[in-house]
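Novice: structure, please.
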Amino acid sequence: MNIKTPLLIVIFSLFAFSSCVQNGSVSRTGNSAKSSTIQEEVKPIADDEIAIIEMENSEAFQPITIELYSNIAPKMVARFKELAREGFYNGVTFHRVNPSVIQAGDPNSKDKDPSNDGIGTSDKTDVPAEFSDLEYDRGIVGAARKGSDVNSQNSQFFITLKREPGFDKNYTVFGKVIAGMNNAKTIAGVARDGRERPLDDVVIKSITIKTKK
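Specialist: Here you go, the predicted structure:
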């Protein structure tokens, strides 16, 4: 999951941003979409179910509510819902944060070794790319992937805090934040180290899939 030079290091990579994608990360450059079909002019239709992210430190971080687009990315939405219902996301952290994006979903972030954050996945098979021409605007939820393999989405996801044209047609869009963007902004602003890992863990308590009322 890769603008001004200072931001070239921001998005979800444990390695250099000269390549399109690194382990479980996104970059601002690359032509990855050229190797996969892109759905064009498909209007997103929100599922009847929403995802609610609740945080361990509820006093500091309020919930984030996401609508999901099965008509755009059915495989990634199905995986996200499956993992959420299994409790896979319980206890993972937002392991990479910056003013542009926050990223979570890596089971490695549950341990005490920060060096392995960003490269973990679930034990399920990877999900193929489901690219579309939906723009990466504020609040868009996208799927991170491993390396330059466009068909390696798995468990990690990210939320954009602002317009990110470099992600367009390069990363699978599978949802959008419909409530709690101020909380996402708060998470993006926490103190972080040189690799953009929060100095104090920002832990997801649970992601719950609920039917819309």
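Novice: what's near enough to touch V127?
Specialist: Counting by C-beta atoms under 8 Å, 6 or more residues apart in numbering, V127 touches K75, M76, R79, A143, N151, Q153, N154, T172. Where you see a C-beta, it was placed from the backbone N, CA and C, and this is true even at glycine.
Novice: report the two of the residues you listed separated the most.
Specialist: Using C-beta to C-beta, the pair of the contacts of V127 lying farthest apart is R79 and N151, separated by 12.8 Å.
Novice: more crowded one of those two?
Specialist: Each of R79 and N151 has its neighbours counted (other C-beta atoms under 10 Å); R79 has more, 23 against 13.
Novice: is that one in a helix, a strand, or coil?
Specialist: Using DSSP: H, G, I helix; E, B strand; the rest coil, the structure places R79 in helix.
Novice: ok, it - contacts?
Specialist: K124, V127, Q153, N154, S155.
Novice: distance check, the nearest residue to R138 once chain neighbours are set aside against I187.
Specialist: Nearest residue to R138 in three dimensions, chain neighbours excluded: K162, at 5.5 Å (C-beta to C-beta, 6 or more residues apart in numbering). Distance, K162 to I187, using C-beta to C-beta, to the nearest Å: 14 Å.
Novice: ditto for V42
Specialist: Taking C-beta to C-beta, one finds V42 at 30 Å from I187.
Novice: in the protein, which helix or strand is least confident?
Specialist: In the chain, no helix or strand scores lower on mean pLDDT, DSSP states H and E than strand 38-39, which sits at a mean of 94.
Novice: so what are the sheet partners of it and their directions?
Specialist: Strand 38-39 has the following strand partners under DSSP bridges: strand 131-132 (parallel).
Novice: give me the distance from the strand it pairs with to the chain's centre.
Specialist: How far strand 131-132 lies from its chain's middle: 15 Å, per C-alpha atoms, centre = their mean, to the nearest Å.
Novice: now stretch 192-206
Specialist: Mean C-alpha position of stretch 192-206 versus that of the full chain (C-alpha atoms, centre = their mean) differs by 14 Å.
Novice: try stretch 78-93
Specialist: So, by C-alpha atoms, centre = their mean, the centroid of stretch 78-93 is 13 Å from its chain's centroid.
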